[in-house]
Structures are given as C-alpha cells and as structure tokens.
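*Asks:* sequence and predicted model, in that order:
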Amino acid sequence: MKLARLSKVFLASILCLSAACGARKPDSGGKIVLRYLDEPDVAGTAKEIIRKFEEANPGIRVEMVEGPSATNTREDLYATSFLSGQDTYDVVFMDIAWLAKFAGQNWLRPLDDFFTPQMRSEFLPGDIQGSQYQGKIYRLPAFSDGGMLYYRKDLLQKAGFAPPETFSDLVRIARKIQDPPKLWGFVFQGAQYEGLVCDVLECIWGNGGDLLAADGTVKLDSPEAIGAVRWMVEAIHKNKISPPGVLTYQEEESRHLFQEGKAVFMRNWPYAWELLQKDGSPVKGKVGITPMVHGRGKKSAATLGGWGFGISSLSRHPEAAWKFIHFAASPEIQKLRYFRTGRIPSRKSLYRDPEIIKASPHITALYKVLLAARPRPVNASYARISDTVQLYVSAALSQRETPEKAMQSAAKEIREFLSRQQ
Amino acid sequence: MNPNQPDPRTTAVQWLYAAPALVLMALVNVVPILQCVYFADKAQALAGDTRLWFALKHTLAFTAIAVSIELALGLAIALLLFRPFPGRGLVRACVLIPWALPTAIMAMAWKWIFNDTYGVLGDLLYRVGIAASPEIAWLADPLKAMGACVLADVWKTTPFMAILLMSGLAGIPEELYEAAAIDGAGPVRRFFLITLPLLKPTIALAVLFRAIQTFAIFDLIWVLTGGGPGGSTQMIALYVYDTVFRYLDLGYGSTLTLFMAGCLLLISGAVYLLFHTREAYE
C-alpha cells in the first residue's frame, strides 16, 4: 500500500532524525563497514568476537553500536531506523520474538540462499522453527534460551521431596516448606511485560492448551488455558505460595529473592544459573533445575527465548554480513560466549562438548529443557497479541477479573484485530 | 509622519525578519499536524476500542486527582514561600529540585521506593507503626499502583504549580491587604476576599498547563508501572505509543492522537469555564 509506505517515511522523518543523520557510514580505507545494534558490551565479549573476525577478514570492519539494555527499546530503535529506509544497520541482532514483525515488514533479507537445510540441522529445532516466517528463514541463532524451574535442592531433600513434576506437586511441596514472608514457595515473572507471556505460555502449554493453534485460531479461552491462568492466580491469592509483589517482578526481581534464599521454587531463564552459583551467593550449591511443572497427564513446556542474527534487506553488503554472522554463531564463538557470559549455545554439538560439560554439569538437564522449548507465536501481529495477553493475564493475577472473564476478553480482542488485519 | 501609522515598508521588513522563524514553525508544527489528519484512518474503530475507553477512564481519573492535589499543595507552598523570611532563596531552590530532575530517572527511583521487598516507603510506614509489615507490594495492587503514580507525579510537578502561583501572588497589590487589614479582615478573610479571587487567572493558567501535561503523561508511567497491573495504570499516551511503534499502525495511531487532541480541547474548555469568570478581571 502506497499510503502505508508514505506514512512510514513520514513517521521516520519526524521521529528518527538522529538515525537518519547518523546513517552514513564512512567507508574507511575501502573496507566494507558492517554495523549492528546490541546491548551494552559490559564484559567486552562482543568486542573480542569482532576483533577475532576482523583479524580473519581484513577487508571488513564491524561496528557494534551499544544500545540501551532494555530489549524493547532496542526493538524500537531498529524499527525506527528501518522505517526511515536507511541502511544504518546491516546486521540485525534480534530477540526471537521480533522475527515475525520485522520479516512481515520486509525489513529482513531471507537467508535461504546462505543458510542451507543441512546447516540448520546443527541447531536446536525450536531455534530454527522460531527463525522462519512464511516458509523462509530470516535468522541465524546465536544463543538459545528457555524457561525452566529452579528449586532448592537442600530444602527439598531435607523435607523428603523429589523435584515436582505437576502443578499440584509444586503447590503441595511449596506449602509444606515455605514460611512467608521469610521463605516464599514460588516466584516467577508476574509484571505486565513480555516476560509474563513467556511464563503464562509455559503454564498453558504444560496444561495441554495453546495461545494460537497451528491454523491460527485463538485458543486462549479454552478450559486448558483458563485452568493454567487460574493456577497462577491461586498460587498468589489462594495457595499463597507466591508473594503479592510477584505482580511487579521481572527476571531480576525473582532472581534476587531466590538468590537471597527467600524462595523454594523459581521460574527463570538459564542465565540465572551462573549467578546463583557464584562465590558469595547464599544458595551456591543448593540449587537444582528441572523442566517447568505441567498438568497431570500432560507434558512440560518451555518458552523459547534466545537471540540471533538477521541481515537487513537494505544492507548493501549481504555477503559480508553473512560472513560475520556465520562467524559470530560458529561453535567456537558460541563456546567462548558461553564461558564469558553464560549465554546458552544454540548448536546441538556444544551440549556434548567435554569442556562445557565439565564446567557445567547441569547443561545436560538444560538440553532436555531446550529440546522441548517452543517459540512464541510467529505472527506479524505478535507485539499486539503479546500486549493483550499481558494486560488480561495481569488483570486476572491482580484479581481485577476472574481467569475465565480475563481469558475470554483477551481471546475476543485478539480475534477481533486478527480478523481486521486480513 | 504619524508615529501611530505603521510605515508599510517597515511592516514588510518586519515580516521578512520573522519569515524564517515562521517557516520553521510551520514545518515542525503545522505540517505534521496536517499530515496527522491526512494519515488518520479507521476513525469508526474508536467507538468499539475497549482499550481506548479503558485508558481514557484512567487518564481522566489520574489527571483530575493529580492536578487537584498539586493545586492544593502548590498553593500552600506558594503562600508559604511568598512572604520574605531568612533563607527563602535556598528553600525556594530546594522546592524546585523535583521539577528540575529528569522524570524517567526519578520514576526509576520511585520504583525502588515502592519495591515490595526493599522499598523504603513500606519500611517507613512499618517503623512509624502504620503498616503491619514493611513488605508492601505497592505496584502490584491496581488501586495502590494508581496511588503510587499520583504520588510520584505530585512530588514531581507541584513545584511547577507553586512557581506559577507565586508569580501570580506577586501581581497582587500590597495596598489591598493593608486596606483590608485596617478594615479588620483577618488572614483567612483576606485570603478568600483578596488572594483567591485575584489569583484566579493564574490558577486557571496553571491548572490548564498541568492538565494538558498530565493528560498526555507517558514517561513516568512507562517506567514506573508500564501500565500494569492488569492495565490499571494504562494511559492514552502509552496506547498511542504502542499503536504506532509496536503495532506499526500509523493510521490508527494518528486517529488516536487526534482523539487525544480533541479531549485536550474539551478539558481546556472546561478549565476555562471553571475559572475564567468575569469577576477575576474586575
């Protein structure tokens, strides 16, 4: 639509003046310059990777722009730069959740000619599944991520419990061991933001439900989905195993509580492991991991996170960009990244790497979690779907609405805007 | 030459001098507004947009409550700091500090203050003996979260109100007070008979400024609650941002912006009717 394109140019022209002005890249000494936006490189790992790449490829220079650490802000920065039609960024370092939106806007170059099916088979299946949009692949997974359950090994052993498998196991054990407010049963990410969707999806999937079915129909008001949300609501308000403040928790708030020894169970991402095991951590050596709990007779599910590289459709150097991203997602670099930053590999072979297994024996348990990990809906309207789920699940968790009413409203709203779009 | 009759040549030169500024203003103000009107579509969707009415309700409530408290507190501070006393300059400067600090950063600090496990507000109330436990999850409860947003906004913008009202107080002739005092009017009577009526135009202006700003609030809420929990602090500006930048729907985003502008016109009209009575000028 011409109007849509025009409107985007207009939007960009008023709102991304800085992006537009700073867009021209100096071609330093005939070298190809590649640019991408990433989180602040505190540990210097990204710079080290770039240095290694530039040594091997003297004709290419890579510029990493250190953006804000809030991921949704970086998403908006990429979006505004694309809207302005500038080739500011050649490489797009993106969260798996952005893929459909970016690909749907034709901002990403399909990578099918570079990224062969044989190469794809070396990666975790969920990572590849979440990198595709409408039959094409747009992203090379750099590291993976999946939600799981952390538990206090010492406390469970002392009380004579095996790690929980079902929703009711978790409630039972938590109620037995907990002593609030000194020790809470279960913490998760309950704030109204993207992380809440990841947590609720694990409960819905683990209860045999879904958000969107394979054919695109909305399943949020199914009994399985409502039951999953009800379980979360009851964890706070009826079983009282989760603190009321969990409604404000993102990843770090839950980790702080768990790390201070104030929670028996925590749903979180793999990054927390390294921090929990650090010297000086009150729970060092007292933590175990297991797949997220599920409904009786159902299977555990993990929400797939993880980051990867795409190439901008506006880049004038797609070959050079592919060279860089292929390098940055290679086994050696993924291994380096794992040891430096704890980022979990997206390549299957690394889960059999003797050095990694020796340093982190929990990686084999993690592999099982990641094999079962599922991407969030790959839909061009995902941002809107996610916001709606966040809003209504949060309304249920804060008891503004019953789980039934909240999920029915969410499903209705999502159906409405999905149908408007077609 | 008659000095009251402007020389046409001078007028032309004046316009010429003003032209660059006017062109610039047109480019950054008028053109975007016209384009906003041009791009706006799906206006019929407004009526059925549950999220919009939801957000409008919260925004109106937030604006009404926050501006009322700011007015009351601002007036009190203005009256207190208007009369000279030793160290007044320093105190005035201190009062201004919240206004001078960047909102997003202060919102971050408020987030810590309202934190459920280490927040200082819960701890204070506990030590004073008002709260049963220091661990109060302010931002987890719809009502408390809205209260927290109001508190943070009041803290931040009351100084602005106070400064505007102080400038209004400065315009009230001292003789009126002296005459009223001689006639036997006490401080309370003097306040209601002289200060308040003569301050009315300034109050109208201050309320108008603050109502417009508060109605369009974005940064404080975005950082403090992100609109949660359960959308209980969702404001219209956040919805416009999501529509344009997250859902990439510029057409409907423009419609929402125009809708917001319409609301602001109505609010301005209401404030005008409320405060700008003729007596204020007499």
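*Replies:* On my side now, so go ahead. Numbering: from 1, shown residues only, chains lettered A, B, ... in the order given.

*Asks:* who touches the residue in the stretch 201-350 of chain A that chain B sits nearest to in this structure?
*Replies:* Nearest residue of the stretch 201-350 of chain A to chain B, counting by CB to the nearest CB: residue A:245, 2.9 Å away. C-beta: built from backbone N, CA, C; applies to glycine. Listed by CB atoms under 8 Å, 6 or more residues apart in numbering or on different chains, the contact set of residue A:245 reads A:253, B:115, B:116, B:117, B:135, B:137, B:140.

*Asks:* same thing but at 10 Å, please
*Replies:* By CB atoms under 10 Å, 6 or more residues apart in numbering or on different chains, the contact list for residue A:245 reads A:181, A:184, A:187, A:190-191, A:236, A:253, A:257, B:114-117, B:119, B:122, B:135-141.

*Asks:* now it: closest residue in space that isn't a chain neighbour?
*Replies:* residue B:116 (2.9 Å; CB to CB, 6 or more residues apart in numbering or on different chains).

*Asks:* next up, the contacts around that neighbour.
*Replies:* A:181, A:243-249, A:253, A:257, B:122, B:134-140.

*Asks:* from residue B:137, how far off is it?
*Replies:* If you measure residue B:116 against residue B:137 using CB to CB, to the nearest Å, the figure is 4 Å.

*Asks:* quick one: contacts for residue B:94?
*Replies:* Residue B:94 neighbours (CB under 10 Å, 6+ apart): B:87, B:159.

*Asks:* in the host helix or strand of it, which residues are buried?
*Replies:* Applying DSSP states H and E as the criterion places residue B:94 in helix B:88-100. Within helix B:88-100, the residues that count as buried by 16 or more other CB atoms under 10 Å in any protein chain shown are B:92, B:95, B:98, B:99.

*Asks:* find the closest residue to chain B in the stretch 251-400 of chain A.
*Replies:* Proximity of the stretch 251-400 of chain A to chain B (CB to the nearest CB) peaks at residue A:395, 3.2 Å away.

*Asks:* tally of neighbours for that residue?
*Replies:* 25 (other CB atoms under 10 Å in any protein chain shown).

*Asks:* that one falls within a helix, correct?
*Replies:* Yes - under DSSP: H, G, I helix; E, B strand; the rest coil, residue A:395 falls within a helix.

*Asks:* that one and residue A:192 touch, don't they?
*Replies:* Yes - Residue A:395 lies in contact with residue A:192 (CB atoms under 10 Å); the separation is 8.9 Å.

*Asks:* what about the longest helix seen in chain A, near chain B?
*Replies:* When chain A is parsed with DSSP state H, its longest helix is helix A:403-421. Yes - Helix A:403-421 reaches chain B (CB under 10 Å from any CB of the partner chain) through A:406, A:409, A:412, A:413, A:416, A:417, A:420, A:421.

*Asks:* same question for stretch A:255-266.
*Replies:* Yes - contact of stretch A:255-266 with chain B (CB under 10 Å from any CB) involves A:256, A:257, A:260, A:262.

*Asks:* which residues touch the second one?
*Replies:* Contacts here follow CB under 10 Å, 6+ apart; on that basis residue A:257 touches A:183, A:184, A:187, A:243, A:245, A:246, A:249, A:263, A:266, B:116, B:117.

*Asks:* contacts only, for the last one.
*Replies:* Taking CB under 10 Å, 6+ apart, we find residue B:117 in contact with A:181, A:243, A:245, A:248-249, A:253, A:256-257, A:260, A:262, B:134-137.

*Asks:* also the second one?
*Replies:* Counting by CB under 10 Å, 6+ apart, residue A:184 makes contact with A:174, A:178, A:240-243, A:245-246, A:257-258, A:262-266.

*Asks:* tell me which residues of the helix or strand harbouring residue B:223 come out buried.
*Replies:* Using DSSP H and E, residue B:223 sits within helix B:219-224. Judged by neighbour count (16+ other CB under 10 Å), helix B:219-224 contains these buried residues: B:220, B:221, B:222, B:223, B:224.

*Asks:* rewinding a little: near chain A, which of the buried residues of helix B:88-100 show up?
*Replies:* Among those, no residue is within reach of chain A (CB under 10 Å from any CB).

*Asks:* tell me the two of those residues that are most distant?
*Replies:* Spatially, the most separated pair among the buried residues of helix B:88-100 is B:92 and B:98, at 12.9 Å (CB to CB).

*Asks:* so which of the contacts of residue A:245 are in helices?
*Replies:* A:236, A:253, A:257, B:122.

*Asks:* didn't the second one look like it was pressed against residue B:115?
*Replies:* Think residue A:253. Yes - counting by CB under 10 Å, residue A:253 does reach residue B:115; the two are 8.0 Å apart.

*Asks:* between those two, which has more neighbouring residues?
*Replies:* Ranked by neighbour count (other CB under 10 Å), residue A:253 and residue B:115 place residue B:115 first, with 22 against 19.

*Asks:* overlap in contacts, residue B:116 and residue B:137.
*Replies:* Residues touching both residue B:116 and residue B:137 by CB under 10 Å, 6+ apart: A:243, A:244, A:245, A:246, A:247, A:248, A:249, B:122.

*Asks:* with adjacent residues omitted, what lies nearest to the last one?
*Replies:* When you say that, I think you mean residue B:122. residue B:136 is the one closest to residue B:122 (CB to CB, 6+ apart), at 3.8 Å.

*Asks:* circling back: filter the contacts of residue A:184 down to the ones in strands?
*Replies:* In strands, judged by DSSP state E, the following of these are found: A:263, A:264, A:265, A:266.

*Asks:* who's in contact with residue B:57?
*Replies:* Residue B:57 neighbours (CB under 10 Å, 6+ apart): B:234, B:236.

*Asks:* the helix or strand harbouring it vs helix B:88-100, what angle?
*Replies:* In this structure, residue B:57 sits in helix B:50-82 according to DSSP H and E. Calculated by axes from the mean of the first three to the mean of the last three CA atoms, to 10 degrees, helix B:50-82 forms an angle of 170 degrees with helix B:88-100.

*Asks:* buried residues in helix B:50-82?
*Replies:* Per 16+ other CB under 10 Å, helix B:50-82 contains these buried residues: B:51-52, B:54-56, B:58-59, B:62-63, B:65-67, B:69-71, B:73-75, B:77-79, B:81-82.

*Asks:* ok, and which of the residues you listed reach chain A?
*Replies:* Near chain A, by the rule CB under 10 Å from any CB, you find B:51, B:54 out of the buried residues of helix B:50-82.

*Asks:* give me the phi and psi angles of the residue nearest the centre of chain A.
*Replies:* Closest to where the C-alpha atoms of chain A average out (CA atoms, centre = their mean) is residue A:305, at 2.5 Å. Main-chain dihedrals, residue A:305, degrees, to the nearest 10: phi -110, psi -140.

*Asks:* go on, the one 10 residues further on?
*Replies:* Torsion angles at residue A:315 (phi, psi; degrees, to the nearest 10) stand at phi -60, psi 140.

*Asks:* residue A:87 is in contact with that one, correct?
*Replies:* Yes - here residue A:315 reaches residue A:87: they are 5.6 Å apart, a contact under CB under 10 Å.

*Asks:* what touches both of these two?
*Replies:* Jointly contacting residue A:315 and residue A:87 under the rule CB under 10 Å, 6+ apart are residue A:35.

*Asks:* give me the more crowded residue out of those two.
*Replies:* The residue with more neighbours, out of residue A:315 and residue A:87, is residue A:315; 20 against 17, by other CB under 10 Å.
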